[in-house]
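# okay, structure incoming, though there's no sequence with it:
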Ligand code: SF4
């Protein structure tokens, strides 16, 4: 069984900074997620909760328009909107997510875009103004560094296509 690491908030868990889940925008996406859940494919993880953050919690952003890769390289920090430096916890959450992915042999991940942890096509720019820029979050940077392909929720159809043609799945079916 090919498994998919998925952001817990996308899987319906109310773990976002605001105490809510992040539902898929389209019913078709919800249906795909429900099918994967029924098939036992989903490995849910919230890097921030795993690292010890409470829910709800102050929103946090990678500072100065930098990226998750910059954070892993100790070239950028993450602060919440009170000014607290939460960089170490975000890195710990990313490491937890990677450990889960490796333990469950996940080659793909479906993560919530825009998050300083899970964002893959954009994140917020660090000014807490609502502005975003194209970059990845810390968890995404660490997963990609370890060969795991990350998809945003807007790319769920692309992930579905990848899984449909996955040779591991096909081989196991034919055994
Ligand atoms: Fe969702 Fe990821 Fe944020 Fe957790 S860290 S609430 S899984 S986007």
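Structure's in. What do you need? Bear in mind the structure is a predicted one, so any value in this text is a computation, not a measurement. Numbering: from 1, shown residues only.
# which parts of the protein are strands?
Here the chain has its strands, by DSSP state E, at 4-7, 42-45, 60-62, 78-80, 108-111, 123-124, 132-133, 149-152.
# buried residues, the longest helix along the chain. List them.
Scanning the chain for the longest helix, with DSSP state H as the assignment, gives helix 87-103. Within helix 87-103, the residues scored as buried using 16 or more other Cβ atoms under 10 Å are 87, 89-98, 100-101. The C-beta positions use only the backbone N, C-alpha and C, and glycine is treated the same way.
# same thing with stretch 129-140?
Neighbour counts over stretch 129-140 (16+ other Cβ under 10 Å) mark 132, 135, 136, 137, 138, 139, 140 as buried.
# show the average pLDDT along it.
For stretch 129-140, mean pLDDT is 98.
# list the contacts of that stretch.
Under the contact criterion Cβ atoms under 8 Å, 6 or more residues apart in numbering, stretch 129-140 has outside partners 47, 62, 65-69, 71-72, 78, 90-91, 93-94, 97-98, 109, 111, 114-125, 144, 150.
# who are the contact partners of residue 3?
Contacts were defined as Cβ under 8 Å, 6+ apart; by that measure residue 3 touches 40, 41, 42, 43, 104, 105, 106.
# tell me the buried residues within those.
When neighbours are counted using 16+ other Cβ under 10 Å, the contacts of residue 3 contain these buried positions: 41, 42, 43, 106.
# now the residues you listed as a markdown table including distance to residue 6 and pLDDT?
Written out in a markdown table, the entries for those read as follows (distance: Cβ to Cβ, whole Å; pLDDT from 0 to 100):
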| residue | distance to residue 6 | pLDDT |
| --- | --- | --- |
| 41 | 9 | 95 |
| 42 | 5 | 97 |
| 43 | 7 | 98 |
| 106 | 9 | 97 |
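# can you tell me if stretch 77-94 touches the ligand.
No. Judged by Cβ under 6 Å from any ligand atom, stretch 77-94 and the ligand are separated, with a smallest distance of 6.7 Å.
# now do the same end-to-end measure for that stretch.
14 Å (Cα to Cα, to the nearest Å).
# please apply the same query to stretch 45-55.
14 Å.
# now check it, is it near the ligand?
Yes. Remark: stretch 45-55 sits within contact range of the ligand at 46, 47, 48, by Cβ under 6 Å from any ligand atom.
# what residues does the chain have near the ligand?
Neighbours of the ligand within the chain, by Cβ under 6 Å from any ligand atom: 7, 8, 9, 15, 16, 46, 47, 48, 112, 115, 117, 118.
# could you find the closest non-adjacent residue to residue 160?
For residue 160, the nearest residue in space outside its immediate sequence neighbours is residue 32; the separation is 5.7 Å by Cβ to Cβ, 6 or more residues apart in numbering.
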